[in-house]
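> got a predicted model here, sequence first, then my questions.
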Amino acid sequence: MNEAWTGTSLQGKWVEGNIYRSSARSSSGSGLPVRSTDFLRGTDNITIRQGDTAILRCYVDDNVSKVAWLNRSNIIFAREDKWSLDPRVDLVTKGQLEYSLRIQKVDVYDEGPYTCSVQSQQQPKTSQVHLIVQVPPRIYNISSDITVNEGSNVTLRCLANGRPEPMVNWRHLTPLAEELDGDEYLEISGITREQAGRYECKASSDGLAPDVKYVNVVVNYPPQIMESVNAEIEVGRTGVLQCDALAVPKPDFEWYRDDKRLYSTQGIHIQNYGTHSVLTVANVTEDHYGNYTCVATNKLGINNASLFLFKPVLPTKPVPHKEETDATVLWRQPGPGTAKDNSDSLAQSLWLLMASMACLLFKC
């Protein structure tokens with residue numbers, strides 16, 4: 001458009017002068033519906049998500065002689081003549097009554113004031129719209145997975161940006177998964193083995209999809225033997241001794257008999273399964289009975305436990321009862337007829353007593 005025409009400033013006052021072509025800086029990005037401009041109202045604030053399409057509405061009447069859209073001091077459209085070089089920007093018109101501006105794939109560079117300027121036969125009119133661009137939260141800096149020793153102090157980092165500025169929250173992904181005290185930096189003093197695991201960082205803003213990332217924390221600690229199983233085995237059978245230990249990193253196991261280390265040889269077999277060790281004696285003899293020691297080690301420490309391989313104790317037979325001997329009288333369980341024998345003895349004693357009394361009375 002080469003003609004000189006009456007332009008407008010952002011304050012809404014018409015001034016005379018030449019208007020030169022200029023381009024509005026913009027880019028791309030998701031959004032919310034926008035409101036129409038109203039010449040009787042001041043500045044409208046319109047919020048839209050990055051990446052969405054914004055339509056800034058402006059309505060005119062039949063008496064309009066000149067109309068234009070401006071971004072700050074730059075003309076975007078004058079009538080239907082496009083002055084902006086941005087391919088994302090175009091007009092939405094319905095007959096002669098609508099003169100709306102459409103911006104596709106809105107980005108943060110599109111944020112700012114827009115002015116619809118109308119000159120009619122009566123007086124010039126302007127209406128301003130302030131475009132606010134929301135940017136979904138994005139975590140751009142987070143701690144790498146780490147391995148620490150139990151008792152260390154740990155700091156986890158999670159930095160995020162967005163418009164508006166997002167909130168950052170941490171969770172330890174246990175069955176409860178409760179939120180932790182911390183924002184961009186999570187401080188853990190004297191970390192324990194129970195605090196190992198996966199940590200979730202979430203950056204969130206109202207109405208926008210959150211961004212979530214994770215940090216894995218491994219906590220090293222020395223072995224702790226949790227269970228050791230003794231064995232009671234008869235001669236000729238297979239004996240098994242078991243030893244379980246918790247440790248990070250996984251422990252190495254050794255077996256000892258007295259002060260002698262045992263290895264897998266003919267008759268004895270040792271197998272380790274991570275935190276579990278098994279010693280098997282294929283054919284137990286008398287020489288195999290006794291005390292064994294399981295030793296679990298890793299780079300942080302050592303722990304041991306004693307286990308026993310012992311022979312079953314057979315039940316003893318009852319000692320037969322004996323009659324009276326010269327030295328000892330043993331209790332004897334009454335047999336059949338004993339009660340009768342006692343009754344006869346009592347009767348005989350009573351008869352002798354009565355006979356003695358009769359003899360005294362009659363002076364035998």
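Looks like it came in fine.
> for whichever strand or helix holds Thr155, list every residue counted as buried.
Counting by DSSP states H and E, the element that carries Thr155 is strand 154-163. For strand 154-163, the neighbour count (16 or more other CB atoms under 10 Å) marks Val154, Leu156, Cys158, Ala160, Gly162, Arg163 as buried. C-beta: built from backbone N, CA, C; applies to glycine.
> same deal with stretch 276-288?
Those buried within stretch 276-288 under the rule 16+ other CB under 10 Å are Ser277, Val278, Leu279, Thr280, Val281, Val284, His288.
> now tabulate the residues you listed in CSV and tack on secondary structure, pLDDT and distance to Cys294.
Shown next, in CSV, are the buried residues of stretch 276-288 (DSSP: H, G, I helix; E, B strand; the rest coil; pLDDT from 0 to 100; distance: CB to CB, whole Å):
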residue, secondary structure, pLDDT, distance to Cys294
Ser277, strand, 95, 6
Val278, strand, 95, 10
Leu279, strand, 94, 8
Thr280, strand, 94, 13
Val281, strand, 94, 14
Val284, coil, 93, 18
His288, helix, 92, 16
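> tell me which of those is nearest to Asn141?
Distance to Asn141, by CB to CB, is smallest for Ser277 among those, at 43.5 Å.
> what's across from that closest one in the sheet?
Cys243, Asn272 (DSSP bridges).
> swap in Gln134?
With DSSP bridges applied, Gln134 shows beta-bridge pairing to Arg49.
> ok, it touching Asp52?
No - with contact defined as CB atoms under 8 Å, Gln134 does not reach Asp52; the gap is 9.1 Å.
> mind listing what Val219 touches?
Thr147, Val148, Asn149, Glu150, Ile191, Thr192, Arg193, Gln195, Ala196, Val248 (CB atoms under 8 Å, 6 or more residues apart in numbering).
> need the helices for the chain, in chain order.
338-361 (DSSP state H).
> tell me the domain boundaries of it?
Per automatic domain parsing, the structural domains of the chain span 7-134, 143-221, 230-310.
> rank the ones you listed by pLDDT, which is bottom?
In terms of mean pLDDT, the lowest-scoring of those is domain 7-134 (a mean of 73).
> ok now that domain, how far from the chain's centre?
Counting by CA atoms, centre = their mean, to the nearest Å, domain 7-134 is centred 48 Å from the centre of its parent chain.
> try stretch 251-267
Per CA atoms, centre = their mean, the centroid offset for stretch 251-267 relative to its chain is 40 Å.
> Asn298 and Asp244: what is the separation?
15 Å (CB to CB, to the nearest Å).
> same thing with Asp259?
Using CB to CB, Asp259 is found at 24 Å from Asp244.
> do Val106 as well
According to CB to CB, Val106 and Asp244 sit 61 Å apart.
> who's more crowded, Gln134 and Asp52?
Gln134 (24 against 19; other CB atoms under 10 Å).
> list the buried ones in stretch 251-259?
Pro251, Asp252, Phe253, Glu254, Trp255, Arg257.
> tell me the helices and strands packed up against the strand holding Thr155.
Using 3 or more CB pairs under 8 Å, 6 or more residues apart in numbering; DSSP states H and E as the contact test, the elements touching strand 154-163 are strand 124-142, strand 167-172, strand 185-188, strand 197-204, strand 211-229.
> can I get the ones you listed in a markdown table including distance to Thr265?
A markdown table is the format used below for the helices and strands packed on strand 154-163 (distance: least, CB to CB, whole Å):
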| stretch | distance to Thr265 |
| --- | --- |
| strand 124-142 | 52 |
| strand 167-172 | 47 |
| strand 185-188 | 47 |
| strand 197-204 | 41 |
| strand 211-229 | 22 |
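> relative to Thr115, which of the ones you listed is closest?
Thr115 lies closest to strand 124-142 among those, at 5.2 Å (CB to CB).
> surely Ser84 and Phe77 touch.
Yes - with contact defined as CB under 8 Å, Ser84 reaches Phe77; the gap is 7.3 Å.
> hang on, the earlier thing: with neighbour numbers in mind, choose between Val106 and Asp244.
A direct count of neighbours by other CB under 10 Å for Val106 and Asp244 places Val106 higher, at 26 against 19.
> quick check: the two most widely separated of the buried residues of stretch 276-288?
Farthest pair in these, by CB to CB: Ser277 and Val284, 18.9 Å.
> of the buried residues of strand 154-163, which is the nearest to Ile270?
Val154 (37.1 Å).
> now do the contacts for the closest one.
Val154 makes contact with Ile146, Val148, Glu187, Ile188, Ile191, Val217 under the criterion CB under 8 Å, 6+ apart.
> could you give the number of residues near the third one?
Counted by other CB under 10 Å, the residues lying close to Glu187 total 11.
> next: the fifth one.
Counted with other CB under 10 Å, the burial measure for Ile191 works out to 17 neighbours.
> surely it touches Asn153?
Yes - under the criterion of CB under 8 Å, Ile191 makes contact with Asn153 at 7.4 Å.
> and Val92, how far from Trp69?
For Val92, the distance to Trp69 (CB to CB) stands at 11 Å.
> who has more neighbours, these two?
The neighbour comparison of Val92 against Trp69 (other CB under 10 Å) goes to Trp69, with 25 against 13.
> ok, back up a step: common neighbours of Val92 and Trp69, please.
Common contacts of Val92 and Trp69, defined by CB under 8 Å, 6+ apart, comprise Leu101.
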